[in-house]
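Chemist: Any chance you can model this:
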Amino acid sequence: MSNYVAVFALVLAYVALVAAYCALRTLARLRRATTVLAKGARGPEAHASLIEATQRNTERTELVAEEIADLRAMVADQMKKRKDPQSGAAPAGLSNIALVRYDAFGEMSGRMSFSLALLDENGDGVTISAIAGTGDTRVYAKSVSDGKGEHELSPEEQQAVTAAVAKRRGLLGRKSA
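Modeler: All right, here's what the predicted structure looks like:
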């Protein structure tokens, strides 16, 4: 009977040895996996666990979300302050527009040519002119600063700028040119 006990002890020792070997292999795999996850971590956060790092990143994300919400609220408040209560338009937009239609050449009729002034509240913007001929149409754009052309304006462009500036000052009602 002591032989049976010895054989049983040997088999049990062998099973324990195989189980220990499997456990060590599993532990080695886990260590390699955590090493891969920890790569790139430097500084005081290098030894943090994955759960701690995830929690820290969640907190940072929440802070960034709060800052974005604050910025959105601030932009909304600024937009409310900048709105013109009479027109409902933001002053930075091209809110003063005037169009002058005319016949550029004697051979064409129907006022196919035009000059368009697009100005903001400060009188800054652009004039766009299209001169229609029998064979082609040419388009020109000139910048406007403080209600004055930075290049010499044609009489029609000047008329459009004057009309847009007058709208800005409230001197001109709805009137077609």
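Chemist: Now do the phi/psi pair for Ser95.
Modeler: Phi and psi for Ser95, reported as degrees, to the nearest 10, are phi -100, psi -10.
Chemist: Then Gln159?
Modeler: Gln159 adopts backbone torsions of phi -60, psi -40, taken as degrees, to the nearest 10.
Chemist: State the distance from it to Gly123.
Modeler: To Gly123, Gln159 is 15 Å away according to Cβ to Cβ, to the nearest Å. For glycine as for every other residue, the C-beta is placed from the backbone atoms N, C-alpha and C.
Chemist: now swap in Ala141 and tell me
Modeler: For Ala141 relative to Gly123 (Cβ to Cβ), the value is 17 Å.
Chemist: So for these two, which sits in the more crowded spot?
Modeler: Gly123 (18 against 11; other Cβ atoms under 10 Å).
Chemist: In terms of helices and strands, where is Arg101?
Modeler: Assigned by DSSP states H and E, Arg101 belongs to strand 96-102.
Chemist: do the same with Leu10
Modeler: helix 2-38.
Chemist: For that helix, what is the distance to the chain centroid?
Modeler: 57 Å (Cα atoms, centre = their mean, to the nearest Å).
Chemist: Could you look up the SS state of Arg138?
Modeler: Using DSSP: H, G, I helix; E, B strand; the rest coil, the structure places Arg138 in strand.
Chemist: The residue nearest to it when sequence neighbours are not counted: neighbouring residues, count only.
Modeler: Spatial nearest neighbour of Arg138, excluding adjacent residues (Cβ to Cβ, 6 or more residues apart in numbering): Ile131 at 5.0 Å. Other residues lying near Ile131 total 18 when counted by other Cβ under 10 Å.
Chemist: which strands and helices sit next to the strand holding Arg101?
Modeler: Packing partners of strand 96-102 (3 or more Cβ pairs under 8 Å, 6 or more residues apart in numbering; DSSP states H and E): strand 113-119, helix 155-169.
Chemist: what lines up beside it in the sheet?
Modeler: Sheet pairing for strand 96-102, assigned by DSSP bridges, gives strand 113-119 (antiparallel).
Chemist: dump the residue contacts of the closest residue to Val161 other than its chain neighbours.
Modeler: Computed as Cβ to Cβ, 6+ apart, the closest residue to Val161 that is not its neighbour in sequence is Ala117, at 4.7 Å. With contacts defined as Cβ atoms under 8 Å, 6 or more residues apart in numbering, the neighbours of Ala117 are 96-99, 125-127, 144, 157, 160-161, 163-164.
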